[in-house]
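Colleague: predicted model, plus sequence, below.
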There are 4 protein chains.
Amino acid sequence: MIFGGALTAVSTKKAGRPTWLYQLSKAGKLCVPAMNVNDSVTKQKFDNLYCCRESILDGLKRTTDVMFGGKQVVVCGYGEVGKGCCSALKAMGAIVCITEIDPICALQGCMDGFRVVKLNEVIRQMDIVITCTGNKNVVTREQLDRIKNGCIVCNMGHSNTEIDVASLRSPELTWERVRSQVDHVIWPDGKRVILLAEGRLLNLSCSTVPTFVLSITATTQALALIELFNAPEGRYKQDVYLLPKKMDEYVASLHMPNFDAHLTELSDEQAKYMGLNKNGPFKPNYYRY
Amino acid sequence: MIFGGALTAVSTKKAGRPTWLYQLSKAGKLCVPAMNVNDSVTKQKFDNLYCCRESILDGLKRTTDVMFGGKQVVVCGYGEVGKGCCSALKAMGAIVCITEIDPICALQGCMDGFRVVKLNEVIRQMDIVITCTGNKNVVTREQLDRIKNGCIVCNMGHSNTEIDVASLRSPELTWERVRSQVDHVIWPDGKRVILLAEGRLLNLSCSTVPTFVLSITATTQALALIELFNAPEGRYKQDVYLLPKKMDEYVASLHMPNFDAHLTELSDEQAKYMGLNKNGPFKPNYYRY
Amino acid sequence: MIFGGALTAVSTKKAGRPTWLYQLSKAGKLCVPAMNVNDSVTKQKFDNLYCCRESILDGLKRTTDVMFGGKQVVVCGYGEVGKGCCSALKAMGAIVCITEIDPICALQGCMDGFRVVKLNEVIRQMDIVITCTGNKNVVTREQLDRIKNGCIVCNMGHSNTEIDVASLRSPELTWERVRSQVDHVIWPDGKRVILLAEGRLLNLSCSTVPTFVLSITATTQALALIELFNAPEGRYKQDVYLLPKKMDEYVASLHMPNFDAHLTELSDEQAKYMGLNKNGPFKPNYYRY
Amino acid sequence: MIFGGALTAVSTKKAGRPTWLYQLSKAGKLCVPAMNVNDSVTKQKFDNLYCCRESILDGLKRTTDVMFGGKQVVVCGYGEVGKGCCSALKAMGAIVCITEIDPICALQGCMDGFRVVKLNEVIRQMDIVITCTGNKNVVTREQLDRIKNGCIVCNMGHSNTEIDVASLRSPELTWERVRSQVDHVIWPDGKRVILLAEGRLLNLSCSTVPTFVLSITATTQALALIELFNAPEGRYKQDVYLLPKKMDEYVASLHMPNFDAHLTELSDEQAKYMGLNKNGPFKPNYYRY
């Protein structure tokens, strides 16, 4: 969104990190200051973790009416989206394992109670396969060939490349549309794989985004634009910035009343002891929440 | 820890953020490069979130044998330690509310199912009061006066200042040591407050630190020292640094085999698509996990 | 369902306990043996606890797209249905309290981490009100008058009497149908209450029943009919019976393969030690699961 | 406990179902009325489900300081005790699977998110093995031979027969007492198995029973004795009875104030509609809670 000679990059929901913006900047081709709103805390947690925790259940129910209890599920990728999906499915009684490339995220998965596996080790037993990696060809044709009859395959990641859907558009396989957004892909031996949204984003195609989440995203974006517009000459150069923490905190505080949440205020003595301004920002930049 | 002209600041477990180091640096008085190991991802998550999730239960049980189910608990501070405490107590059937000064953490608390309150609003009803703010005088004498008979008061934060214990060493109150680390503070009307570890850290005084967590912390610290020692002239100045992400990932990967966890490797094509080196680091510096 | 001079009373899904059958029997007016299939273990747990755990989320999402995280919810009735609803909503980050008339169920609620309240104490603060009592007028007009703007009101219990919907069909209130199964009831001051399915069963009106649950219910009913049909003269009199435990176990065992679940078999020595037949039944009649 | 010519059989805590009493009765050798207090609802749920949910964690921590996160655990038996253990360990991030002989309990395990396995299938991978079956030789010497180095083995069931400890008292194995209640059993190849409490009940040997649970059990037993003592001639014959439901409810209601729990009262109209007395009992005898 370009506005007054500035730019905010929240992109459309869940389009993921604005890598293109960093690439433009690196190449010296960014001609205005830009703000990477996508990676502000409130945006990340709401659009990804908290929203996906609910929309994975919603998307699967609306399309397939599957019962989650006892189902074996593999979630590829344990970032914010994967964490949300895993937490929700585990809570509903599914038996969830994950795949990861990053050892830190993998260790988090262990601590949260998920087996960390390679997809090939488990693909035959799974009832549901969910991708949330942001990568491509995470589920290959070879793996789809080994999946069991009736398995549901869907994507919660950032684009339609995670599942190699192209490889399924092949003469030996029959596609049967059973409902909007739901295809049965049928193998010559009769095996059916239930593909949702043709591999596009399940949460955008088959679920809804709560207005509360939209409000947070829109508020963040609007504040970023106002900041860029009002900033004194020189504060922002032709580079990519993260939203100032104080604004991130402001977005959060604007949404407190929805929950009848009452913030505690620091006393002067406490603020001094902590070396903080009573009005924030309350955390160093590297704080992870 | 000073070693070969360098410094790592992991401090003792849970002594919190090395603010003093940043202050030294800011004042231009830091005479060697230093690494803030405390804020590496693995250190933070294991020492704080995952370790406290278990040690809050352990510390309370060993000292008081309290049954968690149905107990009303307030946790002051919803940082990593607070998140760990809340998650554990909620899972055991306690009814947990939180206090926060930071609207972002408060909003996380809402999303995780905890009421965000001011301590004064709930202090009368609580069965257990836990501090994990890193601040001072979070529970004041005035609030302790209003607490109900039999309430347990303890501290999981970074020092013994969170509960105003000094104010309880007062002639009108009687202290009765009922067990190691457990005092009954008795009001003139007979009301007893159960104070644990005289307000010092519960998890260090009344619980234990699993060897697994110690291993992660020690590995992180050792790697930081090796990095500082081996770094070519000029890589590190007289400043405070965070552990390079690749090392953080390395610490995590060294601990994978404990969980029989199998990492997935990127294919060349996938690494290129993501703009990543196959061996990491896998995330930008601002990634929050 | 009458079949071969016998009767099974599973009733329609979730129509609750077949009280009428027991009344017929008590009055001496039951002219055939009958089996109360509704209260078999598998039926109870699947139709009520496990199914409702999923359908409460599904029903609310499909109708309102509400975000569950941080929402204040009261669930009236903590039987199997209430337990399912509470567990799911808590897992999604809602802050849930319950009402109960039965102290045993109330104590279970406490242990599971839910505040036990009277509806009047909390009605003003709630974002969602859910009834699952099987009773009538659980939410009265007076309470609906005090509910806050935007509150969602729905019923997961056994009939459309739990919410006093009749009292809302009154000239001073305006009804606005915003979507199938969703009405806004508008008070003179502009307050809107979101009423789902006009107070009928949410899970039947706005959600779906997974085929797995239907399979369990249908299997149970079929086996009950077969048992009544094949039973030797005199085994069943003109009375109401529960499904023999062995059959209940058989229904469960027929559904094991869906989960790739592997049962352990008792050795002869173990069976003798326990005083059990190796093929079951494995529990005394009063066992509660 | 014999009192006034009557008998209550609550046995010692967790000694399980009073089978001997039913056997006496069956053999016509019971010379007084007896009440099986063990199987009253409050006793069952508190001593077994809710108490074990906490004491499994407590017992393991006090003896071994094990970190639960990421640990692979098998729980043998998914009755009330097993359910409590599984729920707690899952909540702490352990990866839990179960063994069962009863298909109904097994199906509950599936729905609660636990893989149902035979012990032999998983024994090699486990970090912790817990028995809660009430049976004997559930973990055999052959299985102990296959367990991995450092595995913790303990018993939460009803006697010291579940793990075949006798088979470990064998010349080729060395026992090393590392701490009170903790033995390392050392195989010739150096493998160590950590045996807790020599296979006796972990929760009695290495944990504590909260006073709240003792209060419930003692209240139940006292009420049973009072009932037997006061009952008019002929109400109870020389047989085994369950506690009348109304008393079970009374025990629960006596413990409500601990939780500041407020029961709802039926209106006259509601009581009539439900066919209930306003003061209970509120459920039919076969109700499972």
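Modeller: Thanks, I have it. What you see is a predicted model; the values in this text were computed from it and never measured. Numbering: from 1, shown residues only, chains lettered A, B, ... in the order given.

Colleague: tell me the residue of chain A that sits nearest chain C?
Modeller: Closest residue of chain A to chain C, Cβ to the nearest Cβ: A:Ala91 (3.3 Å). Where you see a C-beta, it was placed from the backbone N, CA and C, and this is true even at glycine.

Colleague: mean confidence score for stretch A:211-219?
Modeller: The predicted model gives stretch A:211-219 an average pLDDT of 92.

Colleague: show me what counts as buried in that stretch.
Modeller: Neighbour-count burial for stretch A:211-219, counted by 16 or more other Cβ atoms under 10 Å in any protein chain shown, picks out A:212-213, A:216-217, A:219.

Colleague: please name every helix or strand in contact with whichever strand or helix holds A:Leu195.
Modeller: Counting by DSSP states H and E, the element that carries A:Leu195 is strand A:192-196. Judged by 3 or more Cβ pairs under 8 Å, 6 or more residues apart in numbering or on different chains; DSSP states H and E, strand A:192-196 is in contact with helix A:51-64, strand A:152-155, strand A:182-186.

Colleague: what's the closest of those to D:Gly234?
Modeller: Nearest to D:Gly234 among these is helix A:51-64 (56.6 Å), distances taken as Cβ to Cβ.

Colleague: list the contacts of the closest residue to A:Gln270 other than its chain neighbours.
Modeller: Distance criterion Cβ to Cβ, 6 or more residues apart in numbering or on different chains; nearest residue to A:Gln270, sequence neighbours excluded, is B:Asn135 at 5.2 Å. Taking Cβ atoms under 8 Å, 6 or more residues apart in numbering or on different chains, we find B:Asn135 in contact with A:266, A:270, A:273-274, B:77, B:157, B:161-162.

Colleague: let's see it at 10 Å
Modeller: Contacts for B:Asn135 (Cβ atoms under 10 Å, 6 or more residues apart in numbering or on different chains) come out as A:264, A:266-267, A:269-271, A:273-274, A:276, B:76-77, B:101, B:157-159, B:161-162.

Colleague: what's around the nearest residue in space to A:Asn120 that is not next to it in sequence, how many residues?
Modeller: Leaving aside its chain neighbours, A:Asn120 sits nearest to A:Gln143 (6.8 Å; criterion: Cβ to Cβ, 6+ apart). Residues lying near A:Gln143 (other Cβ atoms under 10 Å in any protein chain shown) number 19.

Colleague: now A:Gln143: which helix or strand?
Modeller: For A:Gln143, the host element (DSSP H and E) is helix A:141-146.

Colleague: give me the contacts around that helix.
Modeller: Residues outside helix A:141-146 that contact it (Cβ under 10 Å, 6+ apart) are A:119-120, A:123-124, A:126, A:129, A:137, A:140, A:151, A:153, A:163-168, A:170, A:173, A:185, A:187, A:191, A:193, A:195.

Colleague: if any of the residues you listed are buried, put those into a ChimeraX selection.
Modeller: Listed next is the ChimeraX selection for buried residues among those, using 16+ other Cβ under 10 Å:
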select /A:119,123,126,129,137,140,151,153,163,164,165,168,173,185,187,191,193,195
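
Colleague: show me where chain A has strands.
Modeller: A:2-3, A:6-8, A:34-36, A:72-76, A:95-99, A:115-116, A:128-131, A:152-155, A:174-179, A:182-186, A:192-196, A:240-242 (DSSP state E).

Colleague: between these, which one is closest to D:Phe68.
Modeller: Nearest of those to D:Phe68, taken as Cβ to Cβ: strand A:115-116 at 15.0 Å.

Colleague: touching, A:Cys151 and A:Gln72? I think so.
Modeller: Yes - because the distance of 9.4 Å satisfies Cβ atoms under 10 Å, A:Cys151 is recorded as touching A:Gln72.

Colleague: mutual contacts of the two, please.
Modeller: Each of A:125-129 lies in contact with both A:Cys151 and A:Gln72 under the rule Cβ under 10 Å, 6+ apart.

Colleague: ok so, going back, gap between the residue nearest to A:Gln270 and B:Cys76?
Modeller: Applying Cβ to Cβ, to the nearest Å, the value for B:Asn135 to B:Cys76 is 9 Å.

Colleague: which residues are common contacts for these two?
Modeller: By Cβ under 10 Å, 6+ apart, B:Asn135 and B:Cys76 have these common neighbours: A:264, B:101, B:157, B:162.

Colleague: touching, the second one and A:Phe282? I think so.
Modeller: Read it as B:Ile101. Yes - assessed by Cβ under 10 Å, B:Ile101 is found in contact with A:Phe282 at 6.2 Å.

Colleague: what packs against the helix ranked longest in chain A?
Modeller: Longest helix in chain A by number of residues (criterion: DSSP state H): helix A:211-230. In terms of contacts (3 or more Cβ pairs under 10 Å, 6 or more residues apart in numbering or on different chains; DSSP states H and E), helix A:211-230 is packed against strand A:2-3, strand A:6-8, strand A:34-36, helix A:41-43, helix A:51-64, strand A:240-242, helix A:245-254.
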